[in-house]
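Student: Sequence unavailable; structure follows:
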């Protein structure tokens, strides 16, 4: 796992092209990253968020190939809140890559940056994402009915969360 930045747009686009079918329904910007300019714009948006300490984007590589990523969709130290999200192409599945990356980011956000509440949003039918939230020790807060619009259809969104006091006591916690 390492930062994913605008200079990596070509690699990012090739990855999104491989992952598009399985990522597009869950990650809103996947359908907008269709050529080098739009891929660079997606990465630049996150670089701008990182520069403002308001979000971050990291790639996840497997054997030298970008296979997914994890991001702070939002990051607000004043409010003590952050939203974590992820995506993964089929070649990276079943290896625990996202769970391990999320543990590292949560640990940093809670222990170093003082974030109190981390949220994770996913559609109920995205069971892989819900499973990651469970493995991270998150709790399902509820469902926002028909909150997510995708290709003209409204879908429910699950809201998962983890509070800072819950993180240190979790078995298998990162050091």
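Tutor: Yes, it's here. Since the model is a prediction, treat every value here as computed from it, not as a measurement. Numbering: from 1, shown residues only.
Student: C-alpha from now on. contacts and neighbour counts both.
Tutor: Will do.
Student: measure residue 88 to residue 77 for me?
Tutor: 27 Å (CA to CA, to the nearest Å).
Student: Compare neighbour counts for the two and give me the winner.
Tutor: residue 88 (23 against 14; other CA atoms under 10 Å).
Student: any idea how far the more buried one lies from residue 81?
Tutor: Distance from residue 88 to residue 81, by CA to CA: 24 Å.
Student: buried residues in the lowest-mean-pLDDT helix or strand in the chain?
Tutor: Lowest by mean pLDDT, DSSP states H and E among the helices and strands of the chain is helix 9-23, with a mean of 92. Buried residues in helix 9-23, counted by 16 or more other CA atoms under 10 Å: 9, 12, 13, 14, 15, 16, 17, 19, 20, 23.
Student: could those residues be laid out in TSV, adding distance to residue 127?
Tutor: Output for the buried residues of helix 9-23, formatted as TSV (distance: CA to CA, whole Å):
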residue	distance to residue 127
9	29
12	25
13	25
14	25
15	22
16	21
17	22
19	17
20	18
23	13
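Student: okay, among the residues you listed, which ones form the most distant pair?
Tutor: 9 and 23 (17.0 Å; CA to CA).
Student: Determine how far the host helix or strand of residue 66 lies from the middle of the whole chain.
Tutor: Using DSSP states H and E, residue 66 sits within strand 65-76. Mean-position distance between strand 65-76 and its chain equals 4 Å (CA atoms, centre = their mean, to the nearest Å).
Student: Which SSE is immediately downstream of it?
Tutor: Criterion used, DSSP H and E; the element after strand 65-76 is strand 81-88.
Student: Give me the angle between that following strand and helix 9-23.
Tutor: 90 degrees (axes from the mean of the first three to the mean of the last three CA atoms, to 10 degrees).
Student: Outside of the very next helix or strand once past strand 81-88 itself, which residues are in contact with it?
Tutor: Using DSSP H and E, the helix or strand that follows strand 81-88 in sequence is helix 97-107. The contact list for helix 97-107 (CA atoms under 8 Å, 6 or more residues apart in numbering) reads 1, 60, 69-70, 84, 86, 88, 118, 132, 135-136, 167, 173-174.
Student: residue contacts, residue 84?
Tutor: So residue 84 contacts 70, 71, 72, 73, 74, 102, 118, 119, 120, 121 (CA under 8 Å, 6+ apart).
Student: Kindly indicate which of those residues lies nearest residue 156.
Tutor: Nearest to residue 156 among these, with distances taken as CA to CA, is residue 121, at 10.1 Å.
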